[in-house]
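Undergrad: whatever this is, show me its structure:
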Amino acid sequence: MNRLISEISSDVLIQGFGLHEDERKVFIGKVGGQEIQLLPDFHNLDLDAKELKILFLGLAEASHQFRPGDVLMTGSDDLLDRAFQVMDDIEQRCIVVTLSPDQDSTHLYFSNETLEPLVQEWKQRKVSFLCLWMVAPQELEGQAKLVTILRKIILKDS
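TA: This is a model prediction of the structure:
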C-alpha cells in the first residue's frame, strides 16, 4: 500500500490520482493496480504494514544551490532508483539531498527539521520511502508536474 503525505494542496492530489473518499473519510484510490491512500499527516502512519511505501510531496524555496523547477529527492534505494529512471525519461533535473547536515558529503544538504527524524526512523526500520520537493514551482503547474512524476514512479512498480 502506498501512503501519500503532502505539503501541496490535497485537491491537486485527489484529482491527479483520481482518489475518492471512503467510509472512514480517507481518500483512497488505485494507480496502475497499486493502492494509494492520502494521509493528512504523519501521525497515523503504521510502519508495520505489509509492503508499505511512503511517498511525500513538498515544496522548497530557491537558493544558491537549488533553482526553480528542480526536484529534490531523498529516499530508500529502491524508490530512488525508480525516481532516477522516471526523471531521465522526462528529462527533469533532480538532485539527491540529505536531511542531515553532516551525513553524506556526496549529497547536498536540504534543511527540513520536521521530516528529518521521520526519515531517520524510516531508514532504520528499512521502510520503502521517497520524498520529493519541487523548488519554487510555478503555482499549480509545478504541483501537477510533481503528481505526474509520482504517478510514473508508482506505475514503474505495476
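Undergrad: what average pLDDT does stretch 6-15 get?
TA: Here stretch 6-15 scores 88 as its mean pLDDT.
Undergrad: what of stretch 59-78?
TA: Stretch 59-78 comes out with an average pLDDT of 92.
Undergrad: buried sites along it?
TA: Ala60, Phe66, Gly69, Asp70, Val71, Leu72, Met73, Thr74, Gly75, Ser76 (16 or more other CB atoms under 10 Å). Yep, even glycine has a C-beta here, placed from its N, CA and C like the rest.
Undergrad: gap between that stretch and the chain center?
TA: Relative to its parent chain, stretch 59-78 has a centroid offset of 11 Å by CA atoms, centre = their mean, to the nearest Å.
Undergrad: please save the CA atoms from that stretch in CSV.
TA: The C-alpha trace of stretch 59-78 is given here as CSV (Å, rounded to 0.1, in the frame of the first residue of the first chain):
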residue,chain,number,x,y,z
LEU,A,59,7.7,22.4,-1.9
ALA,A,60,11.1,24.1,-1.5
GLU,A,61,12.4,27.6,-1.8
ALA,A,62,15.0,28.5,-4.4
SER,A,63,18.5,29.1,-3.1
HIS,A,64,22.1,29.4,-4.4
GLN,A,65,22.1,25.6,-4.6
PHE,A,66,18.6,24.9,-6.0
ARG,A,67,16.9,26.7,-8.9
PRO,A,68,13.2,27.0,-9.6
GLY,A,69,11.9,23.8,-11.2
ASP,A,70,14.5,21.5,-9.7
VAL,A,71,13.2,18.4,-8.0
LEU,A,72,14.9,17.5,-4.8
MET,A,73,14.7,13.9,-3.6
THR,A,74,15.7,11.6,-0.8
GLY,A,75,14.5,8.0,-0.2
SER,A,76,15.2,4.3,0.1
ASP,A,77,17.4,2.9,-2.7
ASP,A,78,14.5,1.0,-4.4
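Undergrad: what does that stretch rub up against?
TA: Contact with stretch 59-78 is made by 7-8, 80, 83, 87, 92-99, 107-108, 110, 119, 122-123, 126-138, 142-143, 146, 149, as judged by CB atoms under 8 Å, 6 or more residues apart in numbering.
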